[in-house]
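Participant: predicted model, plus sequence, below.
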Amino acid sequence: MTWVRSASDKSVTIRCERDRLRALIGDVVGCGRLMPGVESLEQAAAGPDVYHYRLATVSNGAVTFTPEYEARFDTSDPDAIGWEPYGEHNFRSWGTFRIEAGADDGEQRLRIETRTEASVDVAPVVIVLIEPFAQKETDEITEGFLRAIKEAAEDQRVGVS
């Protein structure tokens, strides 16, 4: 197995109160299901801060891959929620949601910084061909996730607990 790596650092301006945005991203399961490609997400048996993900299968014609993994979340910082891999799986993800003040009152800037690794059954020389596809996929998922979070946070009809 060879590890394919990608990283993303994206942000979006969201018009809502800081507490509303913090509550939304602090709901790991509810917010996590807004991420494109999440087929299932639930709290893992390993503990209250560990979550099990199963993502949709992706394929670039040469490699077909179904990411499944667990991540431990740290929600102790009021302005940042971080996660890191937990256990051994075919996919690993590290990252941070960071809430920053927006340019205007009532605006927040949400930044997501991520780093991922996927274990695929290919020769190491093929990685150079696969990583651009993985990077494109990571960027599209991150941008879609930010759009979905923005819509949920700005939609006043949706209750955030």
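Facilitator: Nice, thanks for sending it over.
Participant: extract the C-alpha trace of stretch 110-119 and format it as CSV.
Facilitator: The C-alpha trace of stretch 110-119 is given here as CSV (Å, rounded to 0.1, in the frame of the first residue of the first chain):
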residue,chain,number,x,y,z
LEU,A,110,-14.6,30.3,8.8
ARG,A,111,-11.3,28.7,7.8
ILE,A,112,-10.8,24.9,7.3
GLU,A,113,-7.2,23.7,7.1
THR,A,114,-6.9,20.0,6.3
ARG,A,115,-4.4,17.3,5.5
THR,A,116,-5.4,13.9,4.3
GLU,A,117,-3.7,10.6,3.4
ALA,A,118,-5.3,7.7,1.6
SER,A,119,-3.8,4.2,1.5
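Participant: what comes up buried for that stretch?
Facilitator: Leu110, Ile112, Glu113, Thr114, Arg115, Thr116, Glu117, Ala118 (16 or more other Cβ atoms under 10 Å). The way it works is simple: take the backbone N, C-alpha and C, and place the C-beta from them, glycine included.
Participant: what's the answer for stretch 32-48, then?
Facilitator: Within stretch 32-48, the residues that count as buried by 16+ other Cβ under 10 Å are Gly32, Leu34, Met35, Gly37, Val38, Leu41, Ala44.
Participant: return the member of those nearest to Glu131.
Facilitator: Gly37 (18.4 Å; Cβ to Cβ).
Participant: now do the longest helix seen in the chain: distance to the chain's middle.
Facilitator: In the chain, taking DSSP state H as the definition, the longest helix is helix 127-154. Relative to its chain's centre, helix 127-154 lies at 8 Å (Cα atoms, centre = their mean, to the nearest Å).
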